[in-house]
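> Fold the stuff below for me.
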Amino acid sequence: MDKKGMQTLGLVLSALCFVLAAWLFLAYGQEQGLSAQTASEKKLKSMTEKMTELSDEEPLSFSLCLGDTPLPCDRGKHIVYLPVSPDNELWENGRLEATEGVKAIFEKGFGKADKLSLVANNEGIPFLAVTGQGYQRWTLLPVGLPILDLGATEGLMDGNKPLYSLRLYEPAAEGVKLTESLTSADLRGNTSLTYEKKSLRLRLRKEKDGSIKKDKKKLLGMRKDDDWILNSLYADPSRLRDKLCMELWQETGAKKSSFGADLGVSGEYVEVIINEGYTGLYLLSYPIDRKLLNMEKVSAQLSRGEDLVERIYKKKYTAPLTAESFTGDLPDPGMPDYRGGYYLKGDTVLQNEEEWESLRCLAQELQKASEGQENDLLSLCDQENVLENWLFYQAIGGFDNENKNHYFVTRRQNGMLKGYFIPWDMNISFGCVYEENPFYCAESMEPVEQLVAFEPGQTLYDKDLGKSRQELASIWGKWRAGCFATDRVMERIDGLEELLQKSGALAREKERWPSGNSSSNLSHMKQFTEKRLAFVDGLMAEDE
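You can find the predicted model right below:
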């Protein structure tokens, strides 16, 4: 064969190789996404006509697995949940198989369904769970948020608390990402304990060397820890105010500590299943504690003989900040960690006046400042931190944070203890106010031009200590050019609402809690937000 013939043959072979590679790519691609045992519609109908349909009184104990991972389910409703990405139209990869001698049979072409439409519309994919005794009708429901599955075990931890298995399912390109642990699950909250949907405190554990140990896990990109909170979000009809405020505080005041610690928390949405029953939409977060603040245990400080002991106080109840509240006998001998609306946190409670001295001094200096007397207020608390807390409450309309729902943290600086405040529990904000009803919450425009009471910040503002008004105007200018620009706040609200809608989570929340107050109507919230930000603009303009 001459040279020209060899060149021609080479081109033909190259073309054939390209075609073969393309065919293999397409063939491989067709096998991507979800796969399972399937049958035609006609075949499925024939099967159901010839077999016995099993009743709920004869429950099937099988699991539907994606690859090797058993998926969470609501066994009473015959629903298996599959976490998927709500932003990617392609199905995640993996083969579905049932266990315990059960066959899961889907209709042919089920993996071609429009994933994003199914997720947004809370629609599932039917399949038959078939055994030798008959069949049951089940549904595979794709969901756009992670699933946290808690199941009872026979194990116990300290105090004979029951241990639950914990499985956190996250969407992943190859099947799902599964994180496993054991956990206790305690009810948490104050007024929220009256809600039919409860918030929980989780403490992750593992079995090691015949005993139960702490199990620190990094969940949903947040910190690695064993201590977690499941917020039921039940008071807030939008189900987004807590997360919205967390994000805004993270971008404004949370990063401003002089000791390098975060003065705020973050949270991620999850849908929760407890004992194979769907429980609803939650916000997974973590507590404000010494680990977040890079603090030593109180016991370690005391054993070292530290004169200035750093502590954390949590204000849960509205009470005037007076020096007398932190001296003398305890108001309730049965509550050795409580004074003046604050709870003392930490591993050691001495039940003496010394451990409340920082708050007593703060209250004393606040009183002096409010009366126009010479005072040391600015040496006891970080001025920028106090101003940012006060300004943040004004911006979000945080009326449930009026002189409560915050932490006070003391840190050693320059031979003394200096205090920092951290906002907490911000669901009653952006147009929601406290009201005596089943949710202790209602939407109202009435307080849109009212100040939120926060004594330390209000005193700095009223008395203009350390040129606080000028500093506030400067801070607000930066915030308004950033995350508190009206259009940016609206975009963030829309983004969170879109996530809850297109993930299908809000629809499932309404279905699970029909007597709840969940709503996708954000018109009041947006109207309040626009007017509230303009109100704060007016306050700050007075001080420029």
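> Three-state assignment for residue 122, please.
Secondary structure, DSSP: H, G, I helix; E, B strand; the rest coil: residue 122 is coil.
> pLDDT score assigned to it?
Confidence at residue 122, expressed as pLDDT, is 96.
> That one contacts residue 510, correct?
No. Using Cβ atoms under 8 Å as the test, residue 122 is too far from residue 510 to be in contact (9.6 Å). Every C-beta, even on glycine, is put in place using the N, C-alpha and C of the backbone.
> distance of residue 429 from residue 477?
Computed as Cβ to Cβ, to the nearest Å, the residue 429 to residue 477 distance reads 22 Å.
> more neighbours, those two?
The neighbour count for residue 429 versus residue 477, taken as other Cβ atoms under 10 Å, is higher for residue 429 (29 against 13).
> Give the helix, strand or coil label for that one.
coil.
> Can you pull the domain assignment for this structure?
34-141, 147-232+260-285, 298-541 (automatic domain parsing).
> which one of these lies closest to residue 249?
In terms of Cβ to Cβ, the element of these nearest to residue 249 is domain 147-232+260-285, at 4.7 Å.
> so how far is that closest one from its chain's centroid?
Centroid separation between domain 147-232+260-285 and its chain, computed with Cα atoms, centre = their mean, to the nearest Å, is 11 Å.
> Start and end of it, how far apart?
14 Å (Cα to Cα, to the nearest Å).
> same thing with stretch 503-522?
18 Å.
> Now do it, average pLDDT.
Stretch 503-522 comes out at a mean pLDDT of 95.
> ok, now stretch 264-272?
Mean predicted confidence for stretch 264-272 is 97.
> Go ahead and confirm residue 392 touches residue 423.
Yes. Using Cβ under 8 Å, residue 392 is in contact with residue 423, at 6.2 Å.
> Name the residues contacting each of those two.
Jointly contacting residue 392 and residue 423 under the rule Cβ atoms under 8 Å, 6 or more residues apart in numbering are 249, 253, 398.
> Out of those, which is nearest to residue 61?
Among the shared contacts of residue 392 and residue 423, and counting by Cβ to Cβ, the member closest to residue 61 is residue 249, at 45.7 Å.
> Tell me how many other residues crowd that closest one.
24.
> ok, residues contacting the helix or strand harbouring it?
Assigned by DSSP states H and E, residue 249 belongs to helix 241-250. Under the criterion Cβ under 8 Å, 6+ apart, residues 231, 233, 236, 264-267, 269, 283, 285, 392, 395-396, 398, 423, 425-430, 432, 483-484, 489, 492-493, 496, 525 lie in contact with helix 241-250.
> What would it look like as CSV? C-alpha coordinates only.
Written as CSV, here are the backbone C-alpha positions of helix 241-250 (Å, rounded to 0.1, in the frame of the first residue of the first chain):
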residue,chain,number,x,y,z
ARG,A,241,-36.4,34.4,60.0
ASP,A,242,-33.9,32.6,62.3
LYS,A,243,-31.6,31.6,59.4
LEU,A,244,-31.9,35.0,57.8
CYS,A,245,-30.8,36.7,61.1
MET,A,246,-28.0,34.3,61.7
GLU,A,247,-26.6,35.0,58.2
LEU,A,248,-27.0,38.8,58.6
TRP,A,249,-25.3,38.8,62.0
GLN,A,250,-22.4,36.6,60.6
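> Tell me which helix or strand comes right after it.
Past helix 241-250, the next helix or strand by DSSP H and E is strand 267-274.
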